[in-house]
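Q: here is a sequence with its predicted model. Questions after.
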Amino acid sequence: MKRLLAALTLATLVNPVLATDAEVPYPTGYRDWHHVKSMVIDQGHPLYEAFGGIHHLYANKQAMEGYRSGKFPDGAVIVFDLLDAKRADNAVTEGARKVVGVMHKDAKQFSATGGWGFEGFGSGDSANRVVRAKATTACFACHTPQKDHDYVFSRLRD
């Protein structure tokens, strides 16, 4: 978590060009939304230091429209729920929540970042913004290669 915070802070200081003053709201009730998929980023993966753990992805109704069509409408929200991965007795279970990452589509508010606002809420605490609106370039820069899928990495499972 400390490395994630450091990386996001550094990105804010180094490249604030695409920054916006708009804030991404906390996604209240996201665990009742559609579960898109789960995955584990384990040691050896290039993103392990920042994003290692168990990931659950959730999508609201508008985001589900986007997953199906390939173009996400305004109001689409995708949540990346990152939890520590605990290993014991040949099983991997969920540990403490590390961050609730949010992509919020609003083409007008977030026009400089493909229409998406990005935020991370440390430990899932709605008051603990770890990305901050001015750090969207850190997230957007990573998502840019996914431009043909409206900047979204995840896909629906069959």
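A: Here it is on my side, so go on.

Q: neighbours around residue 41, how many?
A: Other residues within reach of residue 41 by the criterion other CB atoms under 10 Å amount to 18. C-beta: built from backbone N, CA, C; applies to glycine.

Q: closest to the centroid, which residue in the protein?
A: The centre of the chain sits closest to residue 101, judged by CA atoms, centre = their mean, with a distance of 3.5 Å.

Q: let me know whether that residue touches residue 82 as I believe.
A: Yes. The pair residue 101 and residue 82 qualifies as a contact (CB atoms under 8 Å) at a distance of 6.6 Å.

Q: after the longest strand along the chain, which helix or strand is next?
A: As assigned by DSSP state E, the longest strand anywhere in the chain is strand 91-105. Using DSSP states H and E, the next helix or strand after strand 91-105 towards the C-terminus is strand 116-122.

Q: OK, contacts around the nearest residue to residue 105 once chain neighbours are set aside?
A: Sequence neighbours aside, residue 76 is the residue nearest to residue 105 in space, at 4.0 Å (criterion: CB to CB, 6 or more residues apart in numbering). By CB atoms under 8 Å, 6 or more residues apart in numbering, the contact set of residue 76 is 59, 60, 62, 63, 65, 66, 103, 104, 105.

Q: quick check on residue 76: phi, psi?
A: Recorded main-chain torsions at residue 76 are phi -70, psi 140, according to degrees, to the nearest 10.

Q: what about the helices in the chain?
A: Along the chain, the segments classed as helices by DSSP state H run 2-14, 48-51, 61-69, 136-143.

Q: for the residue nearest to the centre of the chain, list each beta-bridge partner.
A: residue 80, residue 120 (DSSP bridges).

Q: tell me the confidence at the residue sitting furthest away from the middle of the chain?
A: Relative to the mean C-alpha coordinate of the chain, counting by CA atoms, centre = their mean, the farthest residue is residue 89 (30.3 Å). Note on residue 89: pLDDT of 97.

Q: where does pLDDT dip in the protein?
A: Low-confidence regions of the chain, defined by pLDDT under 70, span residues 1-21, 133-136.
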